[in-house]
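Chemist: What follows is a predicted protein model with its sequence.
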Amino acid sequence: MSEQASELWTIQRVLVWTQAHFRDKGIESARLDAELLLASVLGKDRVYLYTHNEQPLSAVERDAYRTLVKRRAQREPVAYILGQREFYGRTFTVSPAVLVPRPETEHLVEEVLGWVRRHGLEAPEILDIGTGSGCIATTLLCELPQARLVATDVSPAALVVARRNAERHDVAARIELLAGDLFAPLTGRVFDVIVSNPPYVDPATESSLPPDVRAFEPHLALFAADAGLAVLSRLCREAPALLATPGLLACEIGAGQKDAVAAMADVAAGFATTSFVPDLQKIPRVLLAEKGAAS
Ligand SMILES: C[S@@+](CC[C@H](N)C(=O)[O-])C[C@H]1O[C@@H](n2cnc3c(N)ncnc32)[C@H](O)[C@@H]1O
């Protein structure tokens, strides 16, 4: 975007230029990202960009936009640049201290809601392990108005973001946020549901991750030892002692981890039934392990 031609920089032209620039940088969601950044600079929604595509940008708007475009071109995720991301129809605050909420994780929320409703639990006690931004915890509390929830994370900085999101969506009175390693802060407590989207990426695959993820998202949120299975293994082993009967352990898992996880969440571990729910790409994505009468 050169200075001389500044008067010609309409919304449409700016978007076309940025899309090509982002494509050159290897960014797949080039057009969407350009629109999100420009809409944010203008303080409008994306529809406005289409209905005002001949509107020229002021010098101040151009400068502000250029700064954001530079950050994205260096592969910083849009969610960190804007400080927010949509999840399950709500807007969540995010910072580099937390994983950017992913659409796949909405399946996990959906499965927990289905299980709670099928079991007629009016006021379930829920535990969210590795809450990060709190997107799972806050969404469940919004959708289940009588539920109470404990959310843990080993990262105190993540818990600050989780609290902000609970406050943003008016559920802070029903959430308890605890710092610590998995179940360590929870001695003697029992829950109807334990939900977790744990770190499950194999550290050996780090170099194949997109730079947006590898260079910007917290490694504590991404990687787990033992080919990505170390935290899932502990969740399967330790969760039954904290589950009521009936009780549900619901975890997001990585591509290709189903068989290994099925072997961990078996009868010997204390679960009566285990099943897996695929995501939109048909990849088994959610483990549902139930502690029931037979366990
Ligand atoms: C994949 S992120 C999930 C964040 C959020 N729940 C979501 O779905 O977007 C995993 C989270 O687990 C936390 N974590 C990693 N190891 C942990 C441990 N041993 N105990 C508790 N939390 C842990 C990380 O700090 C991170 O916030």
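Modeler: Received the coordinates, thanks.

Chemist: rest of the way, CA atoms for contacts and neighbours
Modeler: Will do.

Chemist: Measure how far the helix or strand hosting residue 70 is from the centre of its chain, please.
Modeler: Per DSSP states H and E, residue 70 falls inside helix 59-73. Helix 59-73 sits 26 Å away from the centroid of its parent chain (C-alpha atoms, centre = their mean, to the nearest Å).

Chemist: now do stretch 124-131
Modeler: Distance, stretch centre to chain centre, for stretch 124-131: 15 Å (C-alpha atoms, centre = their mean).

Chemist: Go through the next helix or strand after the helix holding residue 70 and flag the buried ones.
Modeler: On the C-terminal side of helix 59-73, the closest following helix or strand by DSSP H and E is helix 78-82. Of the residues in helix 78-82, those scored as buried under the neighbour-count criterion (16 or more other C-alpha atoms under 10 Å) are 78-82.

Chemist: Could you do stretch 111-126 as well?
Modeler: Buried residues in stretch 111-126, defined by neighbour count with 16+ other C-alpha under 10 Å: 111-112, 115-116, 124-126.

Chemist: who touches residue 152 in this structure?
Modeler: 127-131, 159, 177-180, 182 (C-alpha atoms under 8 Å, 6 or more residues apart in numbering).

Chemist: Please name the strands paired to the helix or strand harbouring it in the sheet, noting orientation.
Modeler: Using DSSP H and E, residue 152 maps to strand 148-153. Each strand paired with strand 148-153, and its direction, by DSSP bridges: strand 125-129 (parallel), strand 175-179 (parallel).

Chemist: Comparing those, which comes out most buried?
Modeler: strand 125-129 (a mean of 25; mean count of other C-alpha atoms under 10 Å).

Chemist: helices and strands around the helix or strand just after that strand, which ones?
Modeler: Of the helices and strands lying after strand 125-129 in sequence (DSSP H and E), the nearest is helix 135-143. Counting contacts by 3 or more C-alpha pairs under 8 Å, 6 or more residues apart in numbering; DSSP states H and E, helix 135-143 packs against helix 105-118, strand 148-153, helix 156-168.

Chemist: and residue 89, how many residues sit next to it?
Modeler: 9 (other C-alpha atoms under 10 Å).

Chemist: May I have the phi/psi pair for it?
Modeler: Note on residue 89: backbone dihedrals following degrees, to the nearest 10 are phi 80, psi 10.

Chemist: ok, now residue 246?
Modeler: Main-chain dihedrals, residue 246, degrees, to the nearest 10: phi -70, psi 160.

Chemist: Also residue 243?
Modeler: The phi and psi values for residue 243, taken as degrees, to the nearest 10, are phi -100, psi 140.

Chemist: From what I see, it and residue 191 are in contact.
Modeler: Yes - with contact defined as C-alpha atoms under 8 Å, residue 243 reaches residue 191; the gap is 5.1 Å.

Chemist: For residue 207, which non-adjacent residue is closest in space?
Modeler: residue 214 (7.7 Å; C-alpha to C-alpha, 6 or more residues apart in numbering).

Chemist: Which positions in the stretch 51-200 of the chain make contact with the ligand?
Modeler: For the stretch 51-200 of the chain, the contact set with the ligand under C-alpha under 6 Å from any ligand atom comprises 98-101, 105, 129-136, 153-155, 158, 180-182, 197-199.
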